[in-house]
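Student: heads up, no residue letters with this:
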């Protein structure tokens, strides 16, 4: 069966510090991978998605970046965090040939920038 | 730009009540509409509705899709405290890798 992992679960970082969140998927090959941010009252905002190694599509211009160094690994990064980066970050995956259908979410990382 | 609007934004009901959650959408070349339940962490998948499957049911939960009027409803009968959660609606367009989510409906079921 497929599982998706995210870490850390919670993170408190000062403004201006770097960020690295990691997501890995087990039990499937060549998944489509997604990073979302959920802020209070704003729903799920798609940040990045990837359909293959090294392929990243950005949906929202910001100070965040994503990378996919391996088939089942997706990393969200920032060089300098802003207060507005606080939120709940979710990684998700879908079967590669099913587009956006039935996305399965990881447990999330709650980021607080102070 | 694809758009999803959910209503109401929040709802408080008593155990045993029946609730209806609404989702209206605009999407280019509709492919599917999905419902998720989010408790404290990750959203969990409930239903997917497509042109070939406009009605789904699982236990006390059911959902229908009206492709003509561009909306979907999620019904929960005989609500329980465990149904308390945020319910998210999302849509996907043909050929797209993305889901567009609504802001969700926060349901609180009180004993």
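Tutor: Cool, the structure landed. Bear in mind the structure is a predicted one, so any value in this text is a computation, not a measurement.
Student: What parts of chain A come near chain B?
Tutor: A:32, A:41-44, A:46, A:49, A:51, A:57, A:59, A:90, A:94, A:99-108 (C-beta under 8 Å from any C-beta of the partner chain). From N, CA and C alone the C-beta is placed, and that goes for glycine too.
Student: The same query, at a cut-off of 10 Å, please.
Tutor: A:4, A:6, A:9, A:32, A:34, A:36, A:38, A:41-46, A:49-51, A:57, A:59, A:88, A:90-92, A:94, A:96, A:98-108, A:110 (C-beta under 10 Å from any C-beta of the partner chain).
Student: Show me which of the residues you listed are buried.
Tutor: Among the residues of chain A next to chain B, those buried by neighbour count (16 or more other C-beta atoms under 10 Å in any protein chain shown) are A:4, A:6, A:32, A:34, A:36, A:38, A:43-44, A:46, A:49-51, A:88, A:90-92, A:94, A:96, A:99-106, A:108.
Student: excluding its backbone neighbours, what's nearest residue A:81?
Tutor: Distances taken as C-beta to C-beta, 6 or more residues apart in numbering or on different chains place residue A:113 nearest to residue A:81, at 4.8 Å, with adjacent residues excluded.
Student: what does residue B:111 give?
Tutor: Closest to residue B:111 by C-beta to C-beta, 6+ apart is residue B:15, at 5.5 Å.
Student: repeat for residue B:4
Tutor: Nearest non-adjacent residue to residue B:4 (C-beta to C-beta, 6+ apart): residue B:102, at 3.8 Å.
Student: which residues does that neighbour contact?
Tutor: Applying C-beta atoms under 10 Å, 6 or more residues apart in numbering or on different chains to residue B:102 gives the contacts A:43-44, B:3-7, B:9, B:22-25, B:87-91.
Student: Give me the neighbour count for the nearest residue to residue A:1 once chain neighbours are set aside.
Tutor: Take residue A:1 and drop its neighbours on the chain: the residue closest to it by C-beta to C-beta, 6+ apart is residue A:27, 5.7 Å away. Using other C-beta atoms under 10 Å in any protein chain shown, residue A:27 has 10 other residues around it.
Student: again with residue B:43
Tutor: Applying other C-beta under 10 Å, we find 27 residues neighbouring residue B:43.
Student: Can you list phi and psi of it for me?
Tutor: Backbone torsions of residue B:43, given as degrees, to the nearest 10, read phi -60, psi 140.
Student: Excluding residues flanking it in the chain, which one is nearest residue 89?
Tutor: Since you didn't name a chain, this refers to chain A. In space, not counting the residues next to it along the chain, residue A:89 is nearest to residue A:109; the distance is 4.7 Å by C-beta to C-beta, 6+ apart.
Student: switch to chain B, that's the one I care about
Tutor: residue B:23 (3.5 Å).
Student: Tell me the residues of chain B that contact chain A?
Tutor: Residues of chain B found near chain A (C-beta under 10 Å from any C-beta) are B:4, B:6, B:9, B:31-32, B:34, B:36, B:38, B:40-45, B:47-48, B:50, B:86, B:88-104.
Student: Fine by me, thanks again.
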